[in-house]
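Student: From the sequence below, what's the structure:
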Amino acid sequence: MARFTLPRDLYYGKGCLEVLKTLSGKKAIIVVGGGSMKRFGFLDKTIGYLKEAGMEVKLFENVEPDPSVETVMRGAEAMREFEPDWIVSIGGGSPIDAAKAMWTFYEYPDTTFENLCVPFNFPTLRQKAKFLAIPSTSGTATEVTAFSVITDYSKGVKYPLADFNITPDVAVVDPELAETMPAELTAHTGMDALTHAVEAYVSTLNGPFTDPLALKAIKMVFDYLPDSYKGDMNAREQMHYAQCLAGMAFSNALLGIVHSMAHKTGAAFSTGHIPHGCANAIYLPYVIKYNAREGASRYADIARSIGLSGASDEELTMKLCDKIDEYNAKLNIPKTLKEFGIDESEFNEKVAKIAELAVGDACTLSNPRPVTPAEMEKLFRCTYFGTEVDF
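Tutor: Residues are numbered from 1 along each chain as shown. Reported below is the predicted structural model:
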């Protein structure tokens, strides 16, 4: 038996943030990141609309990029003190992901992070509060997904949390918030959305409800991402919807080893954090070539859906990889980890352990081709040096 779960309500279109004034409740806590939502006036609008709905409002601010276990625990404590019946998170994937985890510890103070790291092992939520998510970036789609990524900096590892319980009740997809993204963030989040859709389409858990969402998202990303990167606001709006469609697909079909690799390398190297979307963009063409050796038909479907032609599934798959490489170049995304700036000696020192951790990542389970730690290490080496995937 398969399952398909999305938020109960999704509001979209410019200005739809105003729907907050129609919520019914007594107290709302707003979980937000740094200063951009405040700087551009969206935080004040959110507070104002919630107060118009008759709610008392509290802020939990300054959730860092790639939120930590410690931030989650502080947020949960603030919720237990305030006792909200609505949790509202606004911003990029980080504050929304953090708020999902905070929500769980708010309702279940005695649970442990170790328990939550087991996929689909969450307790039943909505005992104290409902959850509303408002994305400001066009990539993670966490506003419609059953996932959250929290970082344990003491171990240098990202934990993808997975459970349909943390799918938000309401998603507010207002493209006005995405208009403020800088070009680099637009590029990284856009390629994150593409990776979500591609991995969902080829996942072992793909199905008739997720396939159309994934293919539509892929076509929209290829159609609109370059112009969105250049600052075209119509394209920026369409990308905000494309990433949401991709999220609907992967939340239900799950992902693959591009994400396993990105999760385990984002915080692993002292030479610099690798932004999640950037890591996905680097790894995606290498992983496609790895997976396609045991069947390229699904990748060929994707290639045809974006207008590519070829004499065989294998040729179409290679053309898809070429197209992704072309987009990465347009978006100033490096082709290899070496080009990104990861130190070679540190890479060589850590790659075996990182490969082992990546194989153990939850996303590996739905990858279309099995992978061993040794194969994963070889794949990482290809992505570091830019060598061909020939195994």
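
Student: can you pull out the strands in this structure?
Tutor: 9-12, 27-32, 56-60, 86-91, 130-135, 147-152, 157-162, 170-173 (DSSP state E).

Student: contacting residues around the fifth one?
Tutor: Just to be clear, that refers to strand 130-135. Contacting residues not belonging to strand 130-135 are listed as 7, 17, 20, 23, 25, 46, 85-93, 96, 99-100, 103, 125, 141-144, 166, 168-174, 177-178, 240, 243-244 [CB atoms under 8 Å, 6 or more residues apart in numbering]. C-betas here are computed from N, CA, C, even on glycine.

Student: Repeat the analysis, applying 7 Å as the threshold.
Tutor: 17, 86-90, 96, 103, 142-143, 168-174, 177 (CB atoms under 7 Å, 6 or more residues apart in numbering).

Student: Now restrict the residues you listed to buried residues only.
Tutor: 17, 86-90, 96, 103, 142-143, 168-174, 177 (16 or more other CB atoms under 10 Å).

Student: ok now do Lys219, which residues does it touch?
Tutor: Ser305, Ile306.

Student: what about it, distance to Ala246?
Tutor: Lys219 sits at a distance of 11 Å from Ala246 (criterion: CB to CB, to the nearest Å).

Student: now Lys14, nearest residue through space, not along the chain?
Tutor: Nearest non-adjacent residue to Lys14, counting by CB to CB, 6 or more residues apart in numbering: Glu176, 5.3 Å away.

Student: could you pull out the helices for the stretch 201-350 of the chain?
Tutor: With DSSP state H, counting those that start in this stretch as the criterion, the stretch 201-350 of the chain has helices at 211-229, 233-253, 257-265, 276-292, 297-305, 313-330, 337-340, 344-359.

Student: So which of these is nearest Lys38?
Tutor: helix 233-253 (20.3 Å; CB to CB).

Student: residues in contact with that closest one?
Tutor: By CB under 7 Å, 6+ apart, helix 233-253 touches 4-6, 12, 138-139, 141, 144-147, 167, 173, 175, 178-179, 189-190, 193, 196-197, 199-200, 203, 205-207, 209-210, 213-214, 216-217, 220-221, 224-225, 227-228.

Student: for stretch 151-168, same thing?
Tutor: If you take CB under 7 Å, 6+ apart as the criterion, stretch 151-168 is touched by 3, 5-7, 66-69, 100-101, 104, 116-117, 119-122, 124-125, 131-133, 143, 145-150, 251, 263-264, 266-268, 357, 361-363.

Student: Now, of those, which are buried?
Tutor: Buried among those by 16+ other CB under 10 Å: 6-7, 66-69, 100-101, 104, 116-117, 119, 122, 125, 131-133, 143, 145-150, 251, 263-264, 266-268, 357, 361-363.

Student: pLDDT-wise, which helix or strand of this structure ranks last?
Tutor: Taking mean pLDDT, DSSP states H and E as the measure, the chain has strand 157-162 as its least confident helix or strand, at a mean of 78.
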